[in-house]
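Engineer: Using only what follows, build the 3D model:
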Amino acid sequence: MLDFSKVIALALTSLSFYGIGVSALSKSALAGEPIIDRNCHRHERTREVFQQIPPQNQARILTTSFFQVNNKKYSLQLLKFPNSTGVLCLWEPNARLPQRLKDISIIQDKVIEKFEKDPSRPANYIITVKGEKMEDILKTAYRLNLTNPNQPKVTPLIRVYKN
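Structural biologist: Numbering: from 1, shown residues only. Here you go, the predicted model:
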């Protein structure tokens with residue numbers, strides 16, 4: 001008959017072999033939401049992705065807004081990065097992945113202070129962007145027109161200047 005210490009030793013040995021087998025068969029992963037980069041691409045949370053995409057280039061979804069154009073439903077997401085800059089991503093109908101909105105460089109990768117739907121116009125948003133440190137502009141409000149989501153239009157509405 002086995003004594004108690006031998007049973008414990010056998011159990012610990014079995015458990016360690018089980019742990020080694022599980023770790024060898026499973027790939028390295030970290031729990032949590034996927035990592036989103038500046039091009040709106042989502043990546044599985046692995047050590048390799050963390051090495052390729054440093055934390056300062058990893059976004060979180062700040063807000064998602066839905067709108068409809070020509071009986072098609074779209075969603076617009078505002079991603080926020082650790083340095084407070086934002087990126088706008090568009091989910092098109094039947095698309096598996098969002099796309100970074102193009103041709104709106106005046107808004108993309110800037111500090112977005114406010115993001116809201118324009119209640120008077122469908123598929124339009126009012127976006128307030130903070131001015132750059134070296135500019136005389138404190139902030140600018142823009143209208144983002146997405147009535148043609150593949151060709152967005154940005155119009156400056158109000159500029160607030162520094163004293």
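Engineer: Make sure L79 is actually in contact with A59.
Structural biologist: Yes: with contact defined as Cβ atoms under 8 Å, L79 reaches A59; the gap is 3.7 Å. Just so you know, the C-beta spots here come from the backbone N, C-alpha and C atoms, and that holds for glycine as well.
Engineer: list the residues that contact both of the two?
Structural biologist: Common neighbours of L79 and A59, using Cβ atoms under 8 Å, 6 or more residues apart in numbering, are I36, R38, V87.
Engineer: Now do the same contact list for the closest residue to the second one other than its chain neighbours.
Structural biologist: Yep, that's R38 we're talking about. Spatial nearest neighbour of R38, excluding adjacent residues (Cβ to Cβ, 6 or more residues apart in numbering): V87 at 5.7 Å. Contact analysis of V87 by Cβ under 8 Å, 6+ apart lists R38, C40, A59, L78, L79, F81, R100, Q108, D109.
Engineer: Closest one of those to T140?
Structural biologist: Distance to T140, by Cβ to Cβ, is smallest for Q108 among these, at 13.8 Å.
Engineer: Do you know the pLDDT at that closest one?
Structural biologist: With respect to pLDDT, Q108 has a value of 96.
Engineer: Need the phi and psi values for it.
Structural biologist: phi -60, psi 140 (degrees, to the nearest 10).
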